[in-house]
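Colleague: no sequence for this one, just the structure:
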Ligand code: IVH
């Protein structure tokens, strides 16, 4: 193919993909299946690979990320990023309206918007192409995060339509939807990472990640609410946002233009309730005078515009008594203090427990046992204590003595300063840690021994038959049969499951052995980078750090793991028992990143390929296979006799349903 042909084809494919991207992520009205979209995308990627000089940063292929930013450049904002005045009640809002009406001689309109609780971003477009994205920073200057922002699918890389100025800036808020947040925290807790505090922090953290491919997988969204530039087509905020909508931006559908402060009050009371049903967090509403001329007349104070104000919602809060603090020991030895409360109703449920996270939080709150405390529900499932009612402090209330020894094994705790968390260091001897590691080892995404769940592990552990993950492979039928509720059939079943797990590929064994901070993705990357466990064991810090995903913390954790004599012994035994501690030649030959960022659910029986094989192919090609259908699922691979519930859910959520043929075509060359 000549370069001219390639150029034309790339332009054509890009345009088609942009169109479908817009239909899907901005309008939520897809016209082609994800499968068809992926085929087009693959064609574009192949052409760009063959003609690297024709690969541009605004290409739709760049949305999957891959660019690494080692250090974020500081950029001075062309227009400073101001904040807004806050009010918390209708009285203050009424006063705002009184000031506005006094200063303006003509009638005026307001635009009511939601106040998105995320990370503010300013995105500059030049000649219709996304040129730069900068965080708010201190308002004067922020961090350039363009590579990461390019991966957010609802932000156009190239504009549609016409009439946009040669250069302008659009501002908005990058948010992490609730379902994405919940999923990330589930995965973090599993590998012993501290869970993220709330969706806002997570969005901020994600935006500052070095590997944009990881950002792409986190599925951030963005709502745009402010446009700045010299030659904007209209003289009012609302009309320019409408114009921006026609250029392909995701302008919130919630905006409302109103003619009186009474209507503003109605907007507020509507969203104060309706916000609970939104898939992301908001913390109030923003009210803006619509006409630019009137905005000019009103002007600015030193910090914020006089033509706009934020009304913040009051978070529902209850007060109750802190009865006791108990301590939980996690799989990684992390100690989590839990507040046990006198049950109290809050936002529709009865609250009995609240999370206290760590000793610092307890100290900062200055809370005592017996105190009356305030609890709130934020973006998280477990409510939190936000303060103490000192007026109600009882004489018998006494300060919290954070425990010094593990409640499970009585080992003195250590404090890891960097994480502000206490840990039980007795990894090899603390029961919940040992059992937790075994549960992780046998879990579905690890060794997938479903005949060896938490109850059986508990039984075997209590009987003294297993002390670590390697012991699982030296279990004998006679010993198992002596256990309560173990019949011949269940014992055989158990042993069969254990035997079958020996075929699990290296990358999953690496995830299963439970190196702290090494999740599924990292394990896979390590497996492919080092090919076998001995190479990994010997790897220098420098070589570890070359692997995407691996930072200082993970590198250190890997080193610590392999230096431990007990771990060395376990790995040696696992090897002797026949577990796969190196990548198969076949795996090396059949890997690709074609399914990068896609999540699959498999259901039913298949004709050409086994379920396990299907799963393996998904992973080898960079995709993810999960157990249940959710809003994050890209495809449901449906076989014969598939579960009707899964099908129903997939249909309801608009998840694309494909057959095994479709799937195999996706990963074919
Ligand atoms: S307008 C000059 N509109 O709230 C006006 N801001 O304290 C610029 N925010 O930094 C901001 N939703 O991060 C505007 N609909 C909305 C908003 C919004 C959230 C954030 C933004 C800003 C802060 C204001």
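Modeller: Cool, the structure landed. Owing to the predicted nature of the structure, the values given are computational and were not obtained by experimental measurement.

Colleague: Identify the residue of the stretch 501-650 of the chain closest to the ligand, quick one.
Modeller: The stretch 501-650 of the chain approaches the ligand most closely through residue 631 (22.9 Å), counting by C-beta to the nearest ligand atom. (C-beta placed from N, C-alpha, C; glycine too.)

Colleague: so that residue is in which element?
Modeller: Using DSSP states H and E, residue 631 sits within no helix or strand.

Colleague: give the contact list for it.
Modeller: For residue 631, the contact set (C-beta atoms under 8 Å, 6 or more residues apart in numbering) comprises 177, 179, 279, 653.

Colleague: next helix or strand past the longest helix anywhere in the chain?
Modeller: The longest helix of the chain (DSSP state H) is helix 3-25. Going down the chain from helix 3-25, the next helix or strand is helix 34-50, by DSSP H and E.

Colleague: and the angle for that next one with helix 3-25?
Modeller: If you take axes from the mean of the first three to the mean of the last three C-alpha atoms, to 10 degrees, helix 34-50 sits at 150 degrees to helix 3-25.

Colleague: other SSEs contacting helix 34-50?
Modeller: Secondary-structure packing of helix 34-50 (3 or more C-beta pairs under 8 Å, 6 or more residues apart in numbering; DSSP states H and E): helix 3-25, strand 656-658, helix 660-667.

Colleague: Name the residues that touch it?
Modeller: Around helix 34-50, the neighbours that count as contacts under C-beta under 8 Å, 6+ apart are 1, 6, 9-10, 13-14, 16-17, 20, 24, 54-55, 59-61, 594, 598, 634-635, 656, 658, 662, 665-666.

Colleague: Give the rounded mean pLDDT of it.
Modeller: Mean pLDDT, helix 34-50: 89.

Colleague: same check, this time on stretch 495-508
Modeller: The pLDDT scores in stretch 495-508 average 95.

Colleague: Next, the buried residues of it.
Modeller: 495, 497, 498, 501, 504, 505, 506, 507, 508 (16 or more other C-beta atoms under 10 Å).

Colleague: separation between the residue of the chain positioned farthest from its centre and the ligand?
Modeller: Farthest-out residue of the chain from its mean C-alpha position, per C-alpha atoms, centre = their mean: residue 105, at 48.7 Å. Between residue 105 and the ligand the distance is 23 Å, computed by C-beta to the nearest ligand atom, to the nearest Å.

Colleague: Now that residue, what are its backbone angles?
Modeller: Main-chain torsions, residue 105, degrees, to the nearest 10: phi -90, psi -20.

Colleague: what about the strands in the stretch 351-500 of the chain?
Modeller: Taking DSSP state E, counting those that start in this stretch, the strands of the stretch 351-500 of the chain run over residues 368-369, 372-376, 384-388, 398-399, 414-416, 421-423.

Colleague: who wins for proximity to the ligand among those?
Modeller: The ligand sits nearest to strand 372-376 of all these, at 20.2 Å, using C-beta to the nearest ligand atom.

Colleague: Buried residues, stretch 436-453. List them.
Modeller: 436-443, 445-449, 451-452.

Colleague: which residues sit against it?
Modeller: Residues contacting stretch 436-453 (C-beta under 8 Å, 6+ apart): 190, 330-332, 454, 457, 461, 466, 468-469, 472, 490, 493-494, 496-498, 500-501, 504, 508-509, 511-514, 520, 627.

Colleague: Among these, which ones are in helices?
Modeller: Per DSSP H, those map to helices at 190, 454, 457, 461, 490, 493-494, 496-498, 500, 508-509, 511-512, 520.

Colleague: Residue 192 contacts residue 516, correct?
Modeller: Yes: contact criterion C-beta atoms under 8 Å: residue 192 and residue 516 qualify, at 4.6 Å.

Colleague: Please identify every residue contacting each of the two.
Modeller: Residues touching both residue 192 and residue 516 (C-beta under 8 Å, 6+ apart) are residue 332.

Colleague: re earlier: let me know the closest of the ones in helices among the contacts of stretch 436-453 to residue 323.
Modeller: When the ones in helices among the contacts of stretch 436-453 are ranked by distance to residue 323 (C-beta to C-beta), residue 454 comes first, at 28.4 Å.

Colleague: residues in contact with the closest one?
Modeller: Applying C-beta under 8 Å, 6+ apart to residue 454 gives the contacts 435, 439.

Colleague: do the same with residue 212
Modeller: Taking C-beta under 8 Å, 6+ apart, we find residue 212 in contact with 65, 66, 67, 68, 69, 147, 148, 150, 151.

Colleague: again, but for residue 258
Modeller: Residue 258 makes contact with 109, 110, 111, 112, 264, 267 under the criterion C-beta under 8 Å, 6+ apart.

Colleague: other SSEs contacting the host helix or strand of residue 95?
Modeller: Using DSSP H and E, residue 95 sits in helix 90-103. When contacts are defined as 3+ C-beta pairs under 8 Å, 6+ apart, helix 90-103 packs onto helix 261-274, strand 282-289, helix 292-298, strand 308-312.
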